[in-house]
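K.L.:
Below are the sequence and a predicted model; questions follow.
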Amino acid sequence: MRRLANLIRAEFMRTWLELVRYPLQFALGLLLVGVIFYLLLGFANLAGIATANQTQLTRLLVGYLLGLVALVIISAPATQVSKEAKSGTLENMVLSGQGLTAFFVVQTLTRFWLSLIQFGLLFFVLAHIAQISYTLSWQVLPALVLFLITALGLGLAFGALMLLFKEVNNIFTLVQLLVFPAVIAELPQLEWFPLVLGASVIRKLFLGNAVEPFTWTLLVLGTVAVFSLGVFLFQSADVAARKRGLLGHE
Amino acid sequence: MAQMGALIDTNRGLYPRLTPLENLRYTCVVRGMTGKEADERAKYLLEFLGLWEKRNAPTQTLSKGMVSKMAFAIAIAHDPPFVLLDEPTLGLDIDAAEMLEEQILAMAKQGKGILLTTHQMEVAARLSSRVAILADGIIAVDKPKQELLEMFAVQSYRITFSEPTTLPDLPFQNRWDEAGTVLEVTLDNPDQIYELMDRLRPRPIKSIEKREVELAEVFRAYAPKKESQHAQAG
């Protein structure tokens, strides 16, 4: 437990140093996400979605930000695996005795707080500018946590691919094309999938609607399943990469 | 494994966006030190390796020698009792290599276990107390360095002839000088001296003496005509 606390401390320290050293990245991230939202709003108007409809606007904004959150988390472990392989620090991670899975989960989460601040800020600013009404319920928090854990599970699965195959950018593009619209538009074909279900629950809560216990149960079970699968795949890839001597490969 | 330190590639293993001081502090904390302990250890290592002046420089701006020293510092950041070093001085300039060798010897004097793998026999000769030679992934020999050298010294001779001569098909490891008057020969075992004497007769021998042996010759004896072998020095 102390070792994990040390790891979290070290990763926070590193994230903070990188943030203050490269602040423009953070600021431009805010600007970019805001601009894209307004483009999306324009497309929604063109597509005939009534932006005067408060419910539709809230759904759009929450879906858009959740889609971005999902993409950030899903791509984080694989991006970090690639960076660590390039700098030759993957071996150091293994030698630290912390375990690669713990490393990348902690790394993703410590970097995610920045994204959370970004998206939180944007939500309130965009909601204010676009005059979007919403309801804040305490239940949003567990729903958001479950949504993040699901995304992290998927991220670990892609991190596993990166550990073993190194070049998996095309798969990422495909996943981005699938995940983003699925979360924004709540595709009925994928409503059972924890990520889409989580987004749907969060939307309902923001709109002030109640969520049935069955939906919560389904969301928890799905989240546990996806996260467990992600951890299993990442740990298996870790063992395989060590056996094949792939850790130092870029 | 957490008790081990390893230098696997002297050009890598650092976070390029962090400074040397931050890289070391990060590694120390990950390895279980408190913030204060990490600060003290990072300062000690940077001074120990002559990098204190560069503590706040971006890692990307360091020279190759400095990066190698930093990679070494990262490997020993948590003061491990056992360190694995793979070609630690490869590609370094003379000063940096000498300094790194001094640090390795200092660590050995402190009682640390060091497993050093290298193709540079002179490095192994300078740094090792025990040598293992790998041939085709198998340990062909594993002995204290001095014992190994003495073993070969007993079996190595320099024979000087009073006139140029030849000894075709000599079944031992051997080397002639250009004039053909000095033969250096290493036997596989001491009993072969009798066979050697038989083959020398009746050539005009001026002198026979035991020869100082270099580690490279020991290596060649165990790993003849192969390039993939590696020496491990501890």
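P.N.:
Cool, got the structure.

K.L.:
Quick one: low-confidence residue ranges for chain A.
P.N.:
Residue ranges of chain A with pLDDT under 70: A:44, A:46-52, A:248, A:250.

K.L.:
Spatially central residue for it, please.
P.N.:
A:Ile73 (2.7 Å; CA atoms, centre = their mean).

K.L.:
does chain B sit close to the host helix or strand of that residue?
P.N.:
According to DSSP states H and E, A:Ile73 maps onto helix A:54-87. Yes: under the criterion of CB under 8 Å from any CB of the partner chain, chain B is reached by helix A:54-87 at A:Ser87. The C-beta positions use only the backbone N, C-alpha and C, and glycine is treated the same way.

K.L.:
What residues does chain B have near chain A?
P.N.:
B:1-2, B:4-6, B:8-9, B:11-18, B:22, B:25-27, B:29-33, B:35, B:74.

K.L.:
follow-up on the earlier one: list the contacts for the closest residue to the residue nearest to the centre of chain A other than its chain neighbours?
P.N.:
Nearest residue to A:Ile73, sequence neighbours excluded (CB to CB, 6 or more residues apart in numbering or on different chains): A:Ala151, at 3.8 Å. Counting by CB atoms under 8 Å, 6 or more residues apart in numbering or on different chains, A:Ala151 touches A:69-70, A:73-74, A:195.

K.L.:
for A:Leu136, same thing?
P.N.:
With CB under 8 Å, 6+ apart, A:Leu136 has these contacts: A:Phe206.

K.L.:
ok, so what distance separates it from chain B?
P.N.:
Noted for A:Leu136: a distance of 37 Å to chain B, by CB to the nearest CB, to the nearest Å.

K.L.:
in which helix or strand would I find that residue?
P.N.:
Short version, using DSSP H and E: A:Leu136 is in no helix or strand.

K.L.:
Just name whatever secondary elements the helix or strand just after the helix holding A:Ile73 is in contact with.
P.N.:
Next in sequence after helix A:54-87, counting helices and strands by DSSP H and E, comes helix A:90-95. Helices and strands touching helix A:90-95, by 3 or more CB pairs under 8 Å, 6 or more residues apart in numbering or on different chains; DSSP states H and E, are helix A:54-87, helix A:100-129, strand B:4-7.

K.L.:
at 10 Å instead, please
P.N.:
helix A:54-87, helix A:100-129, helix A:213-244, strand B:4-7, helix B:20-30, helix B:64-75 (3 or more CB pairs under 10 Å, 6 or more residues apart in numbering or on different chains; DSSP states H and E).

K.L.:
In the helix holding A:Ile73, which residues are buried?
P.N.:
A:57-85, A:87 (16 or more other CB atoms under 10 Å in any protein chain shown).

K.L.:
now stretch A:114-129
P.N.:
Applying 16+ other CB under 10 Å to stretch A:114-129 flags A:114-115, A:118-119, A:122-123, A:126-127 as buried.

K.L.:
same thing with stretch A:193-207?
P.N.:
Result for stretch A:193-207 [16+ other CB under 10 Å]: buried residues A:193-206.

K.L.:
give me the low-pLDDT residue ranges for chain B?
P.N.:
Looking at chain B by pLDDT under 70, you get B:1-2, B:10, B:224-234.

K.L.:
Neighbours of residue 140, how many?
P.N.:
Chain wasn't specified; assuming chain A. Residues lying near A:Val140 (other CB atoms under 10 Å in any protein chain shown) number 18.

K.L.:
Let me rephrase: I mean chain B.
P.N.:
14.

K.L.:
Look up how far chain A lies from it.
P.N.:
22 Å.

K.L.:
my read is that residue is in a strand, agree?
P.N.:
Yes: looking at B:Ala140 with DSSP: H, G, I helix; E, B strand; the rest coil, it is inside a strand.

K.L.:
was I right about it contacting B:Leu148?
P.N.:
No: contact criterion CB atoms under 10 Å: B:Ala140 and B:Leu148 do not qualify, at 11.3 Å.

K.L.:
Would you mark the buried spots in stretch B:97-107?
P.N.:
B:97, B:99-101, B:103-104, B:107.

K.L.:
Also stretch A:160-170?
P.N.:
A:160-164, A:168.

K.L.:
just how off-centre is that stretch within its chain?
P.N.:
18 Å (CA atoms, centre = their mean, to the nearest Å).

K.L.:
wait, does that stretch make contact with chain B?
P.N.:
No: Stretch A:160-170 lies out of reach of chain B by CB under 10 Å from any CB of the partner chain, never closer than 15.8 Å.

K.L.:
what comes into contact with that stretch?
P.N.:
Residues outside stretch A:160-170 that contact it (CB atoms under 10 Å, 6 or more residues apart in numbering or on different chains) are A:75, A:77-82, A:84-85, A:90, A:100-101, A:104, A:158-159, A:171-172, A:174-175, A:230-238, A:240-242, A:244, A:246-247, A:249-250.

K.L.:
same thing but at 8 Å, please
P.N.:
Taking CB under 8 Å, 6+ apart as the rule, stretch A:160-170 contacts A:77-78, A:81-82, A:85, A:100, A:158, A:171, A:230, A:233-234, A:236-238, A:240-241, A:246-247, A:249-250.

K.L.:
just stretch B:107-121 next, same as before
P.N.:
B:76, B:80-90, B:104, B:123-124, B:127-129, B:214-216, B:219, B:230-234.

K.L.:
tell me which residues in stretch A:24-33 are buried?
P.N.:
Here stretch A:24-33 shows A:29, A:33 as buried, counting by 16+ other CB under 10 Å.

K.L.:
Tell me if it is near chain B.
P.N.:
No: on the criterion CB under 8 Å from any CB, stretch A:24-33 is out of touch with chain B, staying 11.2 Å away.

K.L.:
Partner strands of the helix or strand harbouring B:Tyr157, with direction?
P.N.:
Assigned by DSSP H and E, B:Tyr157 belongs to strand B:156-161. Strand B:156-161 has the following strand partners under DSSP bridges: strand B:182-186 (antiparallel), strand B:205-210 (antiparallel).

K.L.:
how far is the shortest one from where the chain is centred?
P.N.:
Going by CA atoms, centre = their mean, the spacing between the C-alpha centre of strand B:182-186 and its chain's C-alpha centre is 25 Å.

K.L.:
What about B:Asp191, how many residues nearby?
P.N.:
9.

K.L.:
Could you pull up the residues touching it?
P.N.:
Going by CB under 8 Å, 6+ apart, the list of residues near B:Asp191 is empty.

K.L.:
Can you tell me how far it is from B:Val154?
P.N.:
Distance of B:Asp191 to B:Val154, given as CB to CB, to the nearest Å: 11 Å.
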